[in-house]
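Test case, fold it:
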Amino acid sequence: MLEYFNGYAMNSWEKINALEGGLRLKLAMKFLSDDRLIAALKKKRGRGRNDYPISKQWKSLLASLCAPSLKKSVNDKAASASASSRFLSQILAQNDLLQEMQANVVGKAHSVLPKFGTLLALGRIPFEASSLRLDYVLDAVYGLPIAAKIASAKSAAVGSAEDLLVQISEKHPEMMQDSRYLIGDASYDDAQFIAKVWDFYRLNPIIALSPNQKLDLQAVPKTKALFDANGSVFCVCPVSGEKHPMVYCGYEKKRGALKYKCMSTYYGSKCKGFDICQAKSGARVPLALDRRVFTPVARSSYKWNFLYSTLERSVNFRQHITSVLKRHRLRDKEKLHLLSSLTMSLLLSLFLAIQKKRGEKR
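Residues are numbered from 1 along each chain as shown. Sure thing, here's the model as predicted:
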C-alpha cells in the first residue's frame with residue numbers, strides 16, 4: 001500500500017516541476033486561505049502611501065517562492081529591496097495569522113491526501129555561509145513539509161525534533177493520533193529521545209544508530225539468545241558453535257518485547273545441535289534491555305529497512321526550499337522562518353490543487 005502512495009507522490013512532484021510558472025502560482029494560491037492575513041495587512045497600512053499595493057506585493061512574494069520567473073511580471077512596479085524587507089516585517093507582525101494560514105493548509109492536507117501524516121520524517125538543511133539551519137518534520141509518503149523551525153547550526157538535532165513534535169501535537173492532534181512512525185537518521189540516535197517517541201507519542205521510532213558501535217555479542221536475559229549493538233539476535237549451535245541469526249516474528253505489545261524464533265524451527269531445516277539446543281523454543285527480547293537498540297519494529301526486519309528508505313522522499317522538498325532561500329540571501333532568523341513557512345504552505349497547496357484536479361478528471 002505505501003509503495004503505491006510513494007509512486008503517487010513522486011508523480012505529483014513531477015507534475016509540479018513541469019508546471020508553467022503562471023499555472024503553478026495560480027494552483028499554489030488556491031488552497032492558501034490567506035484572506036484574513038491580507039485583510040490585516042491592508043488594515044494596518046490604512047490610508048497611508050500605497051506605492052506598492054499589498055495584494056501585488058503579496059503575489060510577487062509568493063511568485064518568488066514557487067515560480068521565480070514570474071516575480072517581475074506579477075508586480076508592474078517592482079518593489080525596492082528596502083520596500084520588500086519592510087513588507088516581510090509587516091507580515092511577521094501578523095505572525096498569529098501566518099501560523100493560522102499554515103495550520104489550515106496542513107489540516108486540509110491531512111483530510112484530503114490519503115495517508116498524509118502516517119509516516120513522519122525528521123531532517124535538517126544547513127544554510128550556506130550561515131550559523132543557522134532549517135530543522136523540519138515532513139510527511140515521508142509525499143515528501144511534503146508539516147512543521148519547521150530555524151535553529152543554530154551547532155545545536156543538537158534531538159532538541160529541535162522534540163520542539164517540532166510538541167508543535168505538531170498542539171496544532172494537529174488528530175493527525176498525530178493517525179501517525180504511526182517517526183523516521184530519522186543517526187543524528188537523532190539518543191536513548192531518551194527514542195524511548196519518548198514510543199512511550200509518549202506512540203510513534204514507532206525508525207531511527208538509525210550511530211556508526212562505529214561495538215559489535216560484541218551480549219546475552220539476552222533468561223534465554224540462550226545473543227544480540228549485538230545493531231539489534232540483531234542470534235543463537236549458537238551447541239555442536240558446531242556456529243552463530244545463526246534468529247527470525248523476527250513480531251512485537252508483543254502486552255509484554256513490551258520482540259519475539260524471535262530459531263531459524264531451524266521456523267524454516268524446518270535442523271542444525272547439527274537442534275535436538276539439544278535450548279534456544280530452539282525461541283526468545284523474547286524486552287525493549288527495556290536497550291531502548292536505543294530495540295524498538296517495536298525490529299531493526300533487522302524488512303519493514304524497518306523499507307520505512308527508513310522513505311527518507312529519500314525528502315529530496316524534492318530539500319532541493320526546492322534550498323533554491324528558494326538561496327535566491328533570497330537572507331540572514332535574519334525570523335525572516336528565514338517566514339519564507340520557509342510560506343514555501344511549505346505553497347507546496348502543500350499545490351499538492352492539494354493537483355489532487356483536486358485528479359478527482360475532477362475521474
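
Any figure for the gap between residue 217 and residue 127?
Relative to residue 127, residue 217 is positioned 43 Å away (C-beta to C-beta, to the nearest Å). The way it works is simple: take the backbone N, C-alpha and C, and place the C-beta from them, glycine included.

Looking at these two now, which is surrounded by more residues?
For residue 217 versus residue 127, neighbours defined as other C-beta atoms under 10 Å are more numerous around residue 127 (17 against 14).

which residue sits closest to that one, ignoring its sequence neighbours?
residue 133 (6.1 Å; C-beta to C-beta, 6 or more residues apart in numbering).

how about that neighbour, secondary structure?
What DSSP: H, G, I helix; E, B strand; the rest coil gives for residue 133 is strand.

Touching, it and residue 125? I think so.
Yes: counting by C-beta atoms under 8 Å, residue 133 touches residue 125, with 6.2 Å between them.

Which one's more surrounded, the two?
residue 133 (20 against 17).

Dig out what that one forms beta bridges with.
residue 126, residue 151 (DSSP bridges).

ok now do it, which residues does it touch?
124-127, 150-153 (C-beta atoms under 8 Å, 6 or more residues apart in numbering).

switch to 7 Å and redo it
Counting by C-beta atoms under 7 Å, 6 or more residues apart in numbering, residue 133 touches 124-127, 151, 153.

out of those, which one sits closest to residue 190?
Nearest to residue 190, judged by C-beta to C-beta, of the contacts of residue 133 is residue 124 at 14.8 Å.

my read is that closest one is in a strand, agree?
Yes: Residue 124 sits within a strand when classified using three-state DSSP.

Would you check that it makes contact with residue 132?
No: if you go by C-beta atoms under 7 Å, residue 124 and residue 132 don't touch, sitting 10.8 Å apart.

How is this protein divided into domains?
1-209+299-362, 218-292 (automatic domain parsing).

okay, residue 86: pLDDT?
pLDDT for residue 86: 88.

Residue 145 versus that one, what's the distance?
According to C-beta to C-beta, residue 86 stands 27 Å off from residue 145.

Same check on residue 116?
12 Å.

just for the protein, where's the confidence low?
1-11, 48-50, 68-79, 212-215, 358-362 (pLDDT under 70).

What are the boundaries of the strands in it?
Ranges of strands in the chain, per DSSP state E, are 119-126, 132-139, 144-152, 181-184, 204-207, 218-219, 226-227, 233-236, 243-245, 247-252, 257-261, 283-286.

and these, which is most packed in?
Highest mean neighbour count among these (mean count of other C-beta atoms under 10 Å): strand 181-184, with a mean of 25.

and for that one, what are the contacting residues?
119-122, 140, 161, 197, 203-207, 307-308, 310-311.

same thing but at 6 Å, please
Here strand 181-184 makes contact (C-beta atoms under 6 Å, 6 or more residues apart in numbering) with 119-122, 140, 197, 203-207, 307, 311.

now those as TSV including distance to residue 108?
Formatted as TSV, the contacts of strand 181-184 follow (distance: C-beta to C-beta, whole Å):
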residue	distance to residue 108
119	19
120	18
121	20
122	23
140	19
197	26
203	22
204	26
205	28
206	27
207	29
307	25
311	25
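
for these, which one is nearest residue 340?
Closest to residue 340, out of all of the contacts of strand 181-184 and judged by C-beta to C-beta, is residue 122, at 15.5 Å.

I'd say that closest one and residue 162 touch.
No: look at residue 122 against residue 162 with C-beta atoms under 6 Å: they stay out of range, at 10.4 Å.

For stretch 224-242, what is the distance to the chain centroid?
Computed by C-alpha atoms, centre = their mean, to the nearest Å, the chain-centroid distance of stretch 224-242 equals 35 Å.

Distance across it, terminal residue to terminal residue?
End-to-end span of stretch 224-242 (C-alpha to C-alpha, to the nearest Å): 14 Å.

neighbouring contacts of that stretch?
With C-beta under 6 Å, 6+ apart as the test, stretch 224-242 has contacts from 213-215, 217-220, 243-246, 260, 262, 271-273, 276-279, 283, 293-294, 299-300.

Tell me the buried residues in stretch 90-109?
Within stretch 90-109, the residues that count as buried by 16 or more other C-beta atoms under 10 Å are 91, 94, 97-98, 101-109.

do the same with stretch 287-300
Neighbour counts using 16+ other C-beta under 10 Å place 287, 291-300 of stretch 287-300 among the buried residues.

what does that stretch rub up against?
191, 194-195, 204-205, 231-232, 248, 251, 256, 258, 285, 303-304.

Please repeat the previous calculation with a cut-off of 7 Å.
The contact list for stretch 287-300 (C-beta under 7 Å, 6+ apart) reads 189, 191, 194-195, 198, 204-206, 209, 220, 229-232, 248, 251, 256-258, 285, 303-304.

so how far is stretch 254-268 off the chain centroid?
With C-alpha atoms, centre = their mean, you get 32 Å for stretch 254-268.
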